[in-house]
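1. sequence and predicted model, in that order:
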Amino acid sequence: MSAPLFDRVAIIGIGLIGSSLARAIKAEGLARTVTCADANPEHAERAKALGIVDAAGTDPAEAAAGADLVMLCVPLGAYGDVAAAIGPALKPGVIVSDVGSVKQAVIRDMAPHLPEGVHLVPGHPVAGTEKSGPEAGFAGLFPGRWCILTPPPGTDEAVTRKVADLWRACGMTIERMDPAHHDRVLAITSHLPHLIAYTIVGTATDLEDHLRQEVIKYSASGFRDFTRIAGSDPTMWRDVFLNNREAVLDCLQRFNEDLTALQRSIRRGEGDALFDLFTRTREIRQGVLEARQA
Ligand SMILES: NC(=O)c1ccc[n+]([C@@H]2O[C@H](COP(=O)([O-])OP(=O)(O)OC[C@H]3O[C@@H](n4cnc5c(N)ncnc54)[C@H](O)[C@@H]3O)[C@@H](O)[C@H]2O)c1
Ligand SMILES: O=C(O)C(=O)C[C@]1(C(=O)O)C=C[C@@H](O)C=C1
């Protein structure tokens, strides 16, 4: 148990990430009180019943009133409405942060609604699963993973450090980034892989009925991994693609060019080109595994 970093934390959106954070805050004693608001009353009630928050309701302004830290854990498309709702209820000096998978859009949508004297420190714990809702969360989601903070220029250093301390106490390693750079990096490492999974599972299931059955029957290995990713929350991922359009489209353009080159190698029987690429990617996989173990 650590000493509480905050007197009162308000979590808006108590789904997978919000409830994982609530659990970690409770487990580590990082706040004296945790309140939450969720647009879905069943999620709010469930969070209270699970004992991961001290108070829960559906009104974000009520949850945010009097908090020292307000953490937005809602889909990206809801940020503008939530920020407009909590703006008038925020106490001076409060820190407003978030966990959204895209950072430029978050700043664009939240900043205009936050009164002067409020500190905005956007963040992104790069950890998740394909599941959603308060039951799906677990405090063990965060240890050993990266949390990227994107404080706007001029942000009080002590405030950024406090948000970093929270995620560090949850077991994460902190990195700071410019929001545009964050969005470009995540477009290739997270958003494009999801787009590919959604596409391949969609393509496979669009095939005629008998083949569809075979897809399920033989989905024991590679394809099964794609179905896990493609089972991710539709609202969350719709909002990711709508809010990181430019970076995703740029990655997709390059991906299409590389895929076309691969297609040509297969058609021309260029075994060396295929072998060289697969050797290079195997080395990258090894590097990823080693980085995880380090
Ligand atoms: N799932 C992941 O792997 C992952 C990882 C890192 C960051 N994120 C980011 O975390 C955020 C939440 O994702 P999640 O996976 O926890 O989703 P989730 O669906 O599990 O939870 C979102 C919660 O927000 C609630 N909600 C929706 N609109 C709302 C509104 N207007 N006001 C209040 N509550 C509202 C929903 O009812 C739900 O309980 C997203 O911005 C996402 O980009 C997700
Ligand atoms: O592991 C998964 O299921 C995830 O999709 C997690 C994942 C990722 O792409 O790595 C998804 C979105 C986030 O913003 C961060 C993490």
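-> Sure thing, it's come through. Ligands and ions are numbered 1, 2, ... in the order given.

2. give me the neighbour count for residue 259.
-> Applying other CB atoms under 10 Å, we find 11 residues neighbouring residue 259. No exception for glycine: its C-beta is placed from N, CA and C like everyone else's.

3. how about the one 3 residues further on?
-> Here the count is done by other CB under 10 Å, and residue 262 has 14 residues near it.

4. wait, it sits on residue 281?
-> No. Checked against CB atoms under 8 Å, the pair residue 262 and residue 281 is beyond contact range at 11.3 Å.

5. end to end, how far does stretch 170-185 reach?
-> 23 Å (CA to CA, to the nearest Å).

6. what sits up against it?
-> Stretch 170-185 has contacts (CB atoms under 8 Å, 6 or more residues apart in numbering) with 21, 24-25, 28, 30, 102-104, 106-107, 122, 124-125, 127, 139, 142-151, 160, 164, 167-168, 244, 247, 250.

7. list the buried residues in that stretch.
-> 170-172, 174, 177, 179, 182-184 (16 or more other CB atoms under 10 Å).

8. stretch 115-132 too?
-> Of all the residues in stretch 115-132, those buried under the rule 16+ other CB under 10 Å are 118-129, 132.

9. still on that earlier bit, among the contacts of stretch 170-185, which lie within strands?
-> Among the contacts of stretch 170-185, the ones falling in strands (DSSP state E) are 124-125, 146-149.

10. is there proximity between stretch 277-289 and ligand 2?
-> No. For stretch 277-289, no contact with ligand 2 is found by CB under 6 Å from any ligand atom; the gap never falls below 11.9 Å.

11. and that stretch, how far out from the chain middle?
-> Here stretch 277-289 is found 25 Å from its chain centre; the criterion is CA atoms, centre = their mean, to the nearest Å.
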